[in-house]
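# Would you be able to build a 3D model of this:
(chains A and B)
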Amino acid sequence: MAKKRAYEDSVFINCPFDPAYFPLFEVIVFTVSACGFVPRCAKEEADSGDVRVEKLARLIEGCRYGVHDISRIGLEHDSGLPRFNMPFELGMDLGCKKFGKTRNRQKRLLVLDAEPHRYQAFLSDIAGQDIRVHRNAPDQVIGILRDWLRTASTRENIPGELVIRRRFQAFAQALPKICEALGVDRGNLNYLDYVAFVVNWLKAAEAE
Amino acid sequence: MKKKPATNPVVIKSLGKYSGNIDTAKLRAVIREIRASSPLEKKSGPLRIEDTASGSGHIGFAFGESKAHGKTKSSRKRSVG
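Numbering: from 1, shown residues only, chains lettered A, B, ... in the order given. Got it, this is the predicted structure:
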C-alpha cells in the first residue's frame, strides 16, 4: 500500500543540471512539493558504482508522473556537441508507459520546452504529447506545472498558482539564511538537502 | 482572523529516506525561527529569474556542471543531465 502511494505521489524530473537552469530547477522541485507530490531525480542518489541507465530506469518505473524539459538543445561549450540525455530519458519514460508494467500504462508525462513548436525541428516524433512552453520564465513554470498536476492527478487540494508563487518567493529569500544557520555551503547545495529544506518550509507554511 | 484557504490543505510529502547529515529537528527549528523573523509571502508581481535563490547568486547546487552555449562554465569537468 505504501509503495503504491509512493508511486502515485512521485514525479520524475528530467532536466538540465547546469547553473543556467538552476533557477527553473529550484522552481520545479518547489512546485512539485507544494502540490503535495514527491520530486524525484537522478541527483537523489550518489553515482557511485551504479550503472546510470539502471538508476534512471528504476526512477522512471517508480514514478507515475514525469516532467521532461527538453529546452537545452544548444551545443556544449567544451565539446561543441549537443546533449541528448534529456530526450533520451523522455524516450525511456515513453517506453515505460508503452511497454512497462500495468500501472505504468497510466503514466502521465509533461514535456517542457522554452519556445513554441521548436521541438518539431529536432524531436518531431513526440508530436501529440503534452508539450508546454515556459520561455525560461519561473512564473510560467509554476503555472504550467501546477495546472498540469491538477489536471493529470485530478486532486482537488492543490494550492493555487499565486499561493505557490508567494511561498516560493519567501522561501528563495530565506534559503541563504537557512544554509547559513545550518552551516551548509550555500554555493554547493546537494539535492537531498535542498528538498529537505523545501519540504520542511512548506510544512511550516501549511501549519500556519 | 485567519483567512480560510481556497483549497483543502495539501499534505506535503517527502521521499522518506533523507540521507543527508542535517539534523531534522534543528532544520525545523531554524525554519521556524526564520519564518518568525522575516516578512513572508507578501511580495507580489511576476517571478523573475533574479527572484530565485540561484538566479540571484545566493546559492548554487553541488551538481552544477556543464552548460550549453558557453555562457557559464563550471570548474567540474564531468557533465550530466
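# residue ranges with poor pLDDT in chain B?
B:1-6, B:17-19, B:39-44, B:64-81 (pLDDT under 70).
# let's see it at 50
Along chain B, the model assigns pLDDT under 50 to residues B:67-80.
# Which stretches in it count as helices?
For chain B, helices defined by DSSP state H occupy the ranges B:24-37.
# all strands of it, in order?
Applying DSSP state E to chain B gives no strands.
# And chain A, by the same measure?
For chain A, the strands defined by DSSP E occupy A:10-14, A:38-40, A:65-69, A:108-113, A:131-133.
# and the third one, which strands flank it?
Here strand A:65-69 has these sheet partners by DSSP bridges: strand A:10-14 (parallel), strand A:108-113 (parallel).
# Averaged pLDDT, that strand. What do you get?
On average, the pLDDT along strand A:65-69 is 98.
# C-alpha coordinates for it, CSV please?
Output in CSV follows, covering the C-alpha atoms of strand A:65-69 (Å, rounded to 0.1, in the frame of the first residue of the first chain):
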residue,chain,number,x,y,z
TYR,A,65,4.4,11.4,-13.3
GLY,A,66,7.2,12.6,-15.4
VAL,A,67,8.3,16.2,-16.2
HIS,A,68,10.8,16.4,-19.1
ASP,A,69,12.4,19.7,-20.1
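# Buried ones in it, by neighbour count?
A:Tyr65, A:Gly66, A:Val67, A:His68, A:Asp69 (16 or more other Cβ atoms under 10 Å in any protein chain shown). Any C-beta I mention is one placed from the backbone N, CA and C, and that applies to glycine too.
# Pull the distance from it to the chain's centre.
In this view, strand A:65-69 has its centroid 6 Å away from the chain centroid, taken as Cα atoms, centre = their mean, to the nearest Å.
# Residues touching it, excluding its own?
Strand A:65-69 is contacted from outside by A:10-16, A:21, A:24, A:28, A:32, A:37, A:60, A:86, A:89-90, A:93, A:107-113, A:134, A:145, A:149, A:152-153, using Cβ atoms under 8 Å, 6 or more residues apart in numbering or on different chains.
# Can you list the neighbours in contact with the helix or strand of chain A with the lowest mean pLDDT?
Lowest on mean pLDDT, DSSP states H and E among the helices and strands of chain A sits helix A:2-9, with a mean of 87. Identification of contacts with helix A:2-9 by Cβ under 8 Å, 6+ apart yields A:Gly36, A:Phe37, A:Val38, A:Gly62, A:Cys63, A:Arg64, A:Arg103, B:Lys13, B:Gly16.
# Among the residues you listed, which one has the most neighbours?
Neighbour counts for the contacts of helix A:2-9, by other Cβ atoms under 10 Å in any protein chain shown, peak at A:Cys63, which reaches 28 neighbours.
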